[in-house]
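# I would like to see how this sequence folds:
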Amino acid sequence: MDDDQGLGGNEFQWPVTGPTGPPSPGPAGPSGPGPFSPYDAGGYARPPGSDPPPEPIGLGPNTRCYEHPDRLAGALCRSCNRPICADCMVQAPVGWHCRRCVHQAASKSPVVRYRPGAVGIPSARQAPVTMALIFINLVLFLAATASPRLTFDSYDIPVVMSHFGQSYRLLASFFITNSFLDVALNMWCLYIIGRLVEPALGKGRFLALYLLAGLGGSVAYYLLGNAQVPAAGASGAIFGLFGAYFIVARRAAANTSSIIALIAINLVFSFTVPQIAWQAHVGGLLTGLVVASGLGLARRGRPRQERVADAAVLIATCVGLGLLLLLPPGVVNLG
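Numbers count the residues shown, from 1 in each chain. Predicted coordinates:
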C-alpha cells in the first residue's frame, strides 16, 4: 500500500458522481494538503489519467513571479492569469499584462499606422502624391516662365471668370505662377506638411483635400477680393493642408501647439504684407478644416461605409463651393 501524505494514507480513488449529484470528497485544493482538485468548474468527475484543470492563481503573501521566482508578485496578468512582479508588469487599458502576452499580441498585429506626434517624419516614399504635386508645380512654373500668355490665362481674375465663363481659372490659378519666391516657399511648405498629412489620410483623400482646399481659396478670392485684380499661387491649398493636419493631430490626441503657431504666424503675414491674397489663405484654411473633419468622422465606419461617407463629404463640399460661385464676383470686396 502506498503512503500518500496528501490522501491520508489511502490510495487515491477518483470520485464517481454524475453532473446532478454533489461531488464526493476528493483531494484538497491549493489551500489544503493535496496538489490539485480533481473537479472542474462544474463539479464533474474526470476519467482517470486525464490532466487536472488549471486552478485559478491568487495573490498571497508569498506568491512569486512566474518569470522571476525570487521576487514577490504584485499583480496577475489579465491575459494568462499568472503572477507577475513589478518588472514584468506592463500597464494595459484594464489591469496589467505580462511581457510575454504583450509580445505575443504585438506579433499578431505588427502594422502600425502613422500618428502625428510620432518620432520622426515620414519619408518622401511614404508621400508619393505630395512629391507628384511638387513635380507638377515645378514643371508648370517653368512653362509659365517661358510663356507669359500661359501665366495670364491662368490667373484668378473674378470679373473675367464671371463675364467669359472661364471657370477653369479656379483650378489653374493655384498650379501656375511665374513668381520664383512664391513657388519656392509654397513647394517647401508642401514638402514638409504633405509628408505629415498624406500618410495619415491616404493618397486618395489627400489629393481630394488638396484640390478642394485650393478651390476653396480661389472661391474665397472670387467673393472677397478685388474683382479686377489677378491672383495666383498654391498658398490656399497649403493652408488647407495646415488645417487638415490640425484636425488629424487633434483626433490622434497629439500636440497641436506647433501647427496653431504656424497658422497664426502665416495669417499675420497674410494680413500685414501687401500684395498677398489673404482671402485665398483664409478660404483654403476653412475648406481644409471642413473637409478633414468630415473625412475623419467617416473613417470610423466599415470600409464600404467609409467610402460612401467620404464621397458624400467631398460632393457636399463641391456643391457648396459651386453655389457660392453663383454670387457676383467681389460681392463682399474686402480688398
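
# Asn137 and Ser179 touch, don't they?
No - counting by C-beta atoms under 8 Å, Asn137 does not reach Ser179; the two are 11.9 Å apart. Backbone N, C-alpha and C define where each C-beta goes, glycine included.

# neighbour-wise, which of those two wins?
Between Asn137 and Ser179, Asn137 has the larger neighbour count (other C-beta atoms under 10 Å), namely 20 against 15.

# quick one, strands of the stretch 101-250 of the chain?
Counting by DSSP state E, counting those that start in this stretch, the stretch 101-250 of the chain has no strands at all.

# quick one, helices of it?
128-146, 148-154, 158-164, 169-172, 180-201, 203-224, 235-251 (DSSP state H, counting those that start in this stretch).

# Ala106: which of the ones you listed is closest?
helix 180-201 (20.7 Å; C-beta to C-beta).

# relative to Tyr155, how far out is Trp278?
Using C-beta to C-beta, to the nearest Å, Trp278 is found at 17 Å from Tyr155.

# looking at these two, which one has more neighbours?
More crowded of Trp278 and Tyr155, by other C-beta under 10 Å: Trp278, with 22 against 18.

# so for the more buried one, what's the pLDDT?
pLDDT for Trp278: 92.

# Gly26 too?
46.

# ok, now Ala118?
Listed pLDDT for Ala118 reads 48.

# and if you look at Leu267?
On the pLDDT scale, Leu267 gets 93.

# that one: what's it in contact with?
Counting by C-beta atoms under 8 Å, 6 or more residues apart in numbering, Leu267 touches Trp278, His281, Val282, Leu285.

# now the helix or strand containing the second one against helix 180-201, angle please.
Element membership for His281 (DSSP states H and E) is helix 278-298. Our comparison of helix 278-298 with helix 180-201, counting by axes from the mean of the first three to the mean of the last three C-alpha atoms, to 10 degrees, yields an angle of 10 degrees.

# helix 278-298 versus helix 203-224: what angle between them?
Using the same axes, to 10 degrees: helix 278-298 against helix 203-224 is 140 degrees.

# what helices or strands is helix 278-298 leaning on?
Under the contact definition 3 or more C-beta pairs under 8 Å, 6 or more residues apart in numbering; DSSP states H and E, helix 278-298 sits against helix 203-224, helix 235-251, helix 257-272, helix 303-324.

# could I get the pLDDT score of the closest residue to Tyr155 other than its chain neighbours?
Nearest residue to Tyr155, sequence neighbours excluded (C-beta to C-beta, 6 or more residues apart in numbering): Pro230, at 3.6 Å. At Pro230, the pLDDT value in this model is 90.

# next: Gln275.
83.

# again with Gly32
Here the pLDDT value assigned to Gly32 is 44.

# and if you look at Asn186?
We have a pLDDT of 93 for Asn186.

# what comes up buried for the lowest-mean-pLDDT helix or strand in the chain?
The weakest-scoring helix or strand in the chain, judged by mean pLDDT, DSSP states H and E, is helix 99-108 (a mean of 80). Within helix 99-108, the residues that count as buried by 16 or more other C-beta atoms under 10 Å are Arg100, Cys101, Val102.

# now swap in stretch 180-191 and tell me
Asp182, Val183, Asn186, Met187, Cys189, Leu190.

# ditto for stretch 265-272
Applying 16+ other C-beta under 10 Å to stretch 265-272 flags Asn266, Leu267, Ser270 as buried.

# again, but for stretch 64-82
Applying a neighbour-count criterion of 16+ other C-beta under 10 Å, one finds Cys65, Tyr66, Glu67, Ala73, Gly74, Ala75, Leu76, Cys77, Ser79, Arg82 buried in stretch 64-82.

# nearest residue to the second one in space, please, no chain neighbours.
Across the structure, with C-beta to C-beta, 6+ apart as the measure, the residue nearest Tyr66 apart from its sequence neighbours is Arg82 (4.6 Å).

# mind showing which ranges of this structure have poor pLDDT?
For the chain, the stretches flagged by pLDDT under 70 are 1-58, 107-121, 296-302, 335.

# let's see it at 80
Judged by pLDDT under 80, the chain has its weakly predicted residues at 1-61, 92-95, 105-125, 178, 296-305, 333-335.

# how far does stretch 123-130 sit from the chain's center?
Computed by C-alpha atoms, centre = their mean, to the nearest Å, the chain-centroid distance of stretch 123-130 equals 17 Å.
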